[in-house]
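J.: One predicted model, sequence on top.
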Amino acid sequence: MLINISWNLQSAFDVINEEYRPGGESSGPQRNRLIEAWGQLVGRSRAIEELECLIEQHGSMNKMSKSVHMAPKTIKLLRTYFESLPSELEHINFMKKYNFTEGELCSLEEDLNHEFKEVKGNNPAKSIQNSADEYILAFLNSSGGSIFWGICDNGVIKSLRLDLTQKDQIRKVVNSKINTIEPSIDPTQIAVNFHKVSNAENGYVLEINIPKSNSVGLFFNSSGNTWVRVNGCKQKLQGVALQEYIIQRIQKCN
C-alpha cells in the first residue's frame, strides 16, 4: 500500500483502516505498522503535531480511540514511536573555510556532496534564483552537501563579482526559495556563505550548505516537484519513479 504524504493523520487512519481491519490478528498489526510508516514519511514534527491535534479534535484520547479503532494503550505507543523519530534535519556545526584563487583549480571535486555552478551574465541573483530550489531539494532529499556558485564544472574558479547590494539580493532570493519548501523547514539550517576569492576584486564563491534530511519523506517545491542526487547529479522524480523512490526509503527504515 502506497502512503500519500498529503494525508493528514485522520485521513491516514481512514484509508488504512479500509484496507487493514483494525483488531484483526494479522491485519491489526499491519495497520499499526502503516500508521508508523506514515509518521516516518511526514517526519517527526508533523507526526507529533497531528497526533496531538487529533486527540484535541476528538476531545480526549479515549474518544479518538473509538473513532480510529485503536486502543488508548496503542495510541500512547504510537506517540512514543513518533517522538523517537529523528529530527528532520541534521544540524550544521560549522562552515568550512576555503582558499579560492581566481583562475586556479580548486581542491574540491564534484561528487555526491558537492556541485559546481558557473554564473553567466550580469545578474547573478536571477541566475541563482532560477535553479536554487532544484539543487537545495536534491541535496536535502539525499545526503546533504554544498552548491558552489562561482566554480566551473572543471573545478576552475570563476568568481562572482558582487557588491554589498548584490550579496544582499542573493541572500533574499535564496531565503525566498527556502521558504517555499514543503514540508516547511527551519531556514536557519541552510547556510549561505560568501567565500572571498584571491586575485579577484570583489570576487566571491557563493556556497549554500544543505544538511542531510533524516526524514523518510521527501521535500518538494511549491509546484509539487522534487529532485534527488544520483551519481553526483540532480535528478527530477515524478510519476512511477517518485513512488518507487519513496517505497524504497520506507523499506530501508523498516
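T.: Right, received. Where do you want to start?

J.: Enumerate the positions of stretch 178-195 that are buried.
T.: Across stretch 178-195, burial judged by 16 or more other Cβ atoms under 10 Å covers Ile178, Ile181, Ile185, Gln189, Ile190, Val192, Phe194, His195. Quick note: C-beta positions are derived from backbone N, CA and C, even for glycine.

J.: can I get the CA coordinates of it in PDB?
T.: Taking Å, rounded to 0.1, in the frame of the first residue of the first chain, the C-alpha atoms of stretch 178-195 are listed here in PDB:
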ATOM      1  CA  ILE A 178      13.800  28.000   1.100                       C
ATOM      2  CA  ASN A 179      10.500  29.400   2.400                       C
ATOM      3  CA  THR A 180       8.600  27.600  -0.400                       C
ATOM      4  CA  ILE A 181       9.900  24.200   0.500                       C
ATOM      5  CA  GLU A 182       7.200  21.800   1.600                       C
ATOM      6  CA  PRO A 183       7.000  20.500   4.300                       C
ATOM      7  CA  SER A 184       8.500  23.700   5.700                       C
ATOM      8  CA  ILE A 185      11.900  23.600   7.300                       C
ATOM      9  CA  ASP A 186      13.900  25.800   9.700                       C
ATOM     10  CA  PRO A 187      15.600  28.200   7.200                       C
ATOM     11  CA  THR A 188      18.500  28.700   9.600                       C
ATOM     12  CA  GLN A 189      19.500  25.100   8.900                       C
ATOM     13  CA  ILE A 190      20.600  26.000   5.400                       C
ATOM     14  CA  ALA A 191      23.700  28.200   5.500                       C
ATOM     15  CA  VAL A 192      24.700  30.800   2.900                       C
ATOM     16  CA  ASN A 193      28.300  31.800   2.800                       C
ATOM     17  CA  PHE A 194      30.300  34.100   0.500                       C
ATOM     18  CA  HIS A 195      33.900  32.900   0.300                       C
END
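
J.: residues in contact with it?
T.: For stretch 178-195, contacts defined as Cβ atoms under 8 Å, 6 or more residues apart in numbering pick out 42-43, 46, 88-89, 91-92, 95, 97-98, 100, 133, 136-137, 140, 162, 167, 170-171, 174-175, 204-211, 217, 219-222.

J.: Filter those residues down to the buried ones.
T.: Among the contacts of stretch 178-195, the ones that count as buried by 16+ other Cβ under 10 Å are 42-43, 46, 88-89, 98, 100, 133, 136-137, 140, 162, 167, 170, 174, 204-211, 217, 219-221.

J.: number of nearby residues for the closest residue to Gly203 other than its chain neighbours?
T.: Distances taken as Cβ to Cβ, 6 or more residues apart in numbering place Ser159 nearest to Gly203, at 3.3 Å, with adjacent residues excluded. Applying other Cβ atoms under 10 Å, we find 25 other residues in the vicinity of Ser159.
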